[in-house]
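J.: 3D model of this:
(2 chains)
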Amino acid sequence: MSPRRKLAVAGALVVAALALAAYQGVRSATVYYLTPGEFAGRPDLHRARVRLAGTVQPGSVARSAGQVQFTLTDGTTAYRVTFAGVLPDLFAEGRQVLVEGRLVEGRIFQATQVISTHPTEYRERYPER
Amino acid sequence: MAGEIGRFAVLAAVVTAAYGILVTVLGIRRRHEGLLEAGRRAAVAWALLVALAAAALWTALVQRDFSVRFVAVASESTQPLFYTITAFWGGHDGALLLWALVLAGYLVAGVRALRAHPALQAPATVVLLAVALFFSGMLAWASDPFARLVPPPPDGQGLNPLLRNPWMAAHPPTLYLGFVGMTVPFAIVVAALVTGRLDDTWVVLARRWVLVGWIFLSLGLLFGAKWSYVVLGWGGYWAWDPVENAALMPWLVATAFLHSIQVQERRGLLATWNVALVILAFALTLFGTFLVRSGVIASVHAFALSAVGPAFLGFLAVVLLAGFGLLAWRWDQLRRPATIEAVLSRETAFLANNLLLVAATAVVFVGTVFPAVTEALEGVRSTVGPPYFNRVLTPIALALLLLMAIGPLLPWRRASREQLVRTFAWPAAVAAAGGGILAAAGVRAPVALGVFVLALFVLATIGLELVRGVRVRAARGEPVLTALGQLLWHNRRRYGGYAAHLGVVLMLAGIAGSSAFATQQQATVAPGERFQLGAYLFEFRGLAGAQRPGIDVVEAEVRVWRGARDLGVLRPRRLFYRAQEQPMHEVAIRSSPREDLYAILADWTPDGRATLRVLIHPLVSWLWAGGAVLAAGALLAALPERRRQARVLPVGEPAPSPAVGAP
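T.: Predicted coordinates:
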């Protein structure tokens, strides 16, 4: 075989291996991202690791030693979220947050991560006229 | 007033760019030097108008003219002057103006630099002005930084507290200097394709511009990582967020180009491939901006949705079609008679390096856009998490590290077995011994161990190269230090490249160490209580309140011991910005070459108990140090070199092989 052909074969093998790894990687690392309402309608995902996007219901935040509980809602469906880590800076009642974790029992969602979408701009306070 | 001037400058810039394109195209068709000169002047005028617009926005910011919407959004009365100035790029419209301002600099510099190549200069000017037209058009119609707010509010909202940080002040300008830097090589390549001047002149011209952009892009990525580490309070520096990926992809492609271009310079191979890489790097900078600004992909950055998205996508389509269309058209002319002669050769190592870097780009691309694709197909949003990136990119990174050790020392064309043994026996022995010692010392994580062993291999090959070079000079009677200095200075490109490799090695070691061996602990403690993490003992001393202008501060005092040694006090804080009603973490970091101690005040209760989170990140400071070495090395390689400046060997002439057996 000419060096050119050998390299082409080796290159193709590497690319194929990487494509396979990428495919499996995407399969295993995909986290669905739903609202509480959508999540309630997808029982097939109830044992999976998901992200829920919703609003922190005002008045629902309860703190105890090293742990915080709050209700995440999209206006129709609500889940009680427990979280034992550091809350992001933009976390507040009435704010939009993303929680990542899994459903533990009934309506309790154990979050391993709370992410606040970070608005670089606050357009809502000064809407264009 | 400043607002009107800015608006006028932007509109005038649009007209100027359009005029410049028109006269330059006419000038090329009629071979009329006067028209071409008018086009070059239009380029300078465009740059001056954009500079005027930028000056107007800065004036409005400093005057706190809240009748300008952007000023009201990004600044407020108590904001320090420094952050009022950096608020320029703290919002969407200003960031786009910053992009245009950076482009203005590159436009003038690029047109000037091409004076010696009149045939390329005119078409390159058209390309640069077309990009300029697009960006000033966006500023005029899609993303106007001078839009009014009627009636003006009494005070502004202020810059997002997360952005009030020196690293965030530096991150966007450097990143944009990197992004926009890819425009000039793109213009050069398109000019070469259009005119059919496909000799290797464009290679030499494009290389330095890509290198300059690449240095800034590296720094921009690094500053962003540092910002994330010190400000976001999650203890990490990289999250595989789409916005981060957007900046990483052009960096990877530009890195590939900086390697493969050497194969074209020395062996005349890969010309088509190199053209494709330049087009791709530029397209990825546009794609990155589209990702960041369009809101298509859910990201923690979640920038405002705007009309900018579709416009970028359209422009991106034009760039890809034009670039690759021209490439296909000139395909036959780019082909060279030279070929790869042996599998074991430097050109093969470069080829493998390119394959891996482009594959890494593809991996990042897939992980980044996959959620958008599934949303379109299945109607369900999803994200592809860090495990995907880590899993697929780790083997690529290890393979690149191995190539980094082998590639630079392989001879061009063909390597013999004896040469390989002579070159790599010692470094391989050093790496194996180091690996044995590390394993014996208890380093078990396989990936981290692999990185450390390969890192040692790279270091040993670079070290051996230096020793050999110095020896040859010292044998001629030069003192050792002089010999070393002379060696580095007279082979700037080569040793600059080695230094860049050294930087990457340090960074990868830092990444491997901090991701494999990080530990953390969260504790809720009353004043006087202690807790332990690793070799460290922490004592919570209590909370204190303080005031800064516009900010309320709560501070925890934490005394730290390592064994019997008193390391002093860490003070993690929470800041409350009154204007935004927004709290923010200020983490306390104690950094040493061995590891970082990172403390966060997570929460507290009215009775004075605090929830503290402490993390130990081994080797994080190596990441920052490696970045500095990388940039310094690349700068050295970018300096002009008089001797043998990128000589392209005629086909058939035996190439000197400087690598093996010293100069």
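
J.: mind listing what B:Ala535 touches?
T.: When contacts are counted by C-beta atoms under 8 Å, 6 or more residues apart in numbering or on different chains, B:Ala535 touches B:562-563. For every residue, glycine as well, the C-beta is placed using N, CA and C.

J.: give me that answer again for 6 Å
T.: B:Arg562 (C-beta atoms under 6 Å, 6 or more residues apart in numbering or on different chains).

J.: what do you get for B:Leu508?
T.: B:Leu508 sits in contact with B:Val451, where contact means C-beta under 6 Å, 6+ apart.

J.: Please, which helix or strand holds it?
T.: Per DSSP states H and E, B:Leu508 falls inside helix B:492-516.

J.: Report the distance from that helix to the chain centre.
T.: The chain centroid and the centroid of helix B:492-516 are separated by 15 Å, computed with C-alpha atoms, centre = their mean, to the nearest Å.

J.: same check, this time on stretch B:333-348
T.: The chain centroid and the centroid of stretch B:333-348 are separated by 30 Å, computed with C-alpha atoms, centre = their mean.

J.: So what touches the strand ranked longest in chain A?
T.: Assignment by DSSP state E gives strand A:96-105 as the longest strand of chain A. By C-beta under 6 Å, 6+ apart, the residues outside strand A:96-105 that reach it are A:46, A:49, A:51-53, A:55-56, A:81, A:109-117.

J.: hmm, which of those residues are the buried ones?
T.: A:51-53, A:55-56, A:81, A:109, A:111, A:114-117 (16 or more other C-beta atoms under 10 Å in any protein chain shown).

J.: now the strands for the chain?
T.: No chain in the question, so chain A it is. A:30-34, A:50-56, A:62-64, A:67-73, A:78-83, A:96-105, A:108-115.

J.: hmm, I had chain B in mind actually
T.: For chain B, applying DSSP E gives strands covering B:381-384, B:519-525, B:530-533, B:536-548, B:551-562, B:565-570, B:573-577, B:582-586, B:588-591, B:595-604, B:610-618.

J.: got CSV for the ones you listed, with mean neighbour count too?
T.: CSV is the format used below for the strands of chain B (neighbours: other C-beta atoms under 10 Å in any protein chain shown):
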stretch, mean neighbour count
strand B:381-384, 22
strand B:519-525, 17
strand B:530-533, 15
strand B:536-548, 15
strand B:551-562, 18
strand B:565-570, 14
strand B:573-577, 19
strand B:582-586, 20
strand B:588-591, 17
strand B:595-604, 22
strand B:610-618, 23
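
J.: Rebuild the ones you listed as CSV, extending it with mean pLDDT and distance to chain A.
T.: Shown next, in CSV, are these (pLDDT from 0 to 100; distance: least, C-beta to the nearest C-beta, whole Å):
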stretch, mean pLDDT, distance to chain A
strand B:381-384, 79, 4
strand B:519-525, 89, 4
strand B:530-533, 94, 12
strand B:536-548, 92, 13
strand B:551-562, 94, 13
strand B:565-570, 93, 15
strand B:573-577, 89, 9
strand B:582-586, 83, 5
strand B:588-591, 93, 14
strand B:595-604, 90, 4
strand B:610-618, 92, 5
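
J.: mind checking the longest helix of the chain?
T.: This is for chain A. helix A:3-29 (DSSP state H).

J.: Oops, wrong one, chain B.
T.: The helix that spans the most residues within chain B, counting by DSSP H, is helix B:346-378.

J.: Now do the buried residues in that helix.
T.: In helix B:346-378, counting by 16+ other C-beta under 10 Å, buried: B:346-372, B:374-375.

J.: tell me the mean pLDDT for that helix?
T.: Averaged over helix B:346-378, pLDDT sits at 87.

J.: picking up where we left off before, identify, out of the strands of chain A, the most deeply packed stretch.
T.: Highest mean neighbour count among the strands of chain A (mean count of other C-beta atoms under 10 Å in any protein chain shown): strand A:50-56, with a mean of 22.

J.: Just the closest residue of chain B to chain A, please.
T.: Distances between chain B and chain A by C-beta to the nearest C-beta are smallest at B:Tyr388, namely 3.4 Å.

J.: if I look at that residue, how far off is A:Ala16?
T.: 18 Å (C-beta to C-beta, to the nearest Å).

J.: ok, now which ones touch residue 68?
T.: Just going to use chain A. Shown in contact with A:Val68 (C-beta under 6 Å, 6+ apart): A:Phe83.

J.: that's the other chain; I wanted chain B
T.: Shown in contact with B:Val68 (C-beta under 6 Å, 6+ apart): B:3, B:60.

J.: related to what we said a few turns ago, the helix holding B:Leu508 versus strand B:610-618: what angle between them?
T.: Using axes from the mean of the first three to the mean of the last three C-alpha atoms, to 10 degrees, one finds that helix B:492-516 and strand B:610-618 are set 140 degrees apart in direction.

J.: and B:Tyr388 and A:Ala16? which has more neighbours close in?
T.: Comparing B:Tyr388 with A:Ala16 by neighbour count (other C-beta atoms under 10 Å in any protein chain shown), the higher total belongs to B:Tyr388, at 26 against 10.

J.: By mean pLDDT, flag the weakest helix or strand of chain B.
T.: strand B:381-384 (a mean of 79; mean pLDDT, DSSP states H and E).

J.: and the end-to-end length of stretch A:31-47?
T.: Taking C-alpha to C-alpha, to the nearest Å, stretch A:31-47 runs 12 Å from one end to the other.

J.: circling back to that earlier point, buried residues, the longest helix of chain A. List them.
T.: Neighbour-count burial for helix A:3-29, counted by 16+ other C-beta under 10 Å, picks out A:3, A:7, A:14, A:18, A:21-22, A:25-26, A:29.

J.: how far away is B:Thr524 from B:Tyr19?
T.: Plainly put, B:Thr524 is 67 Å away from B:Tyr19 if you go by C-beta to C-beta.

J.: Sorry, wrong one. I was asking about B:Ile551.
T.: Distance of B:Ile551 to B:Tyr19, given as C-beta to C-beta: 49 Å.
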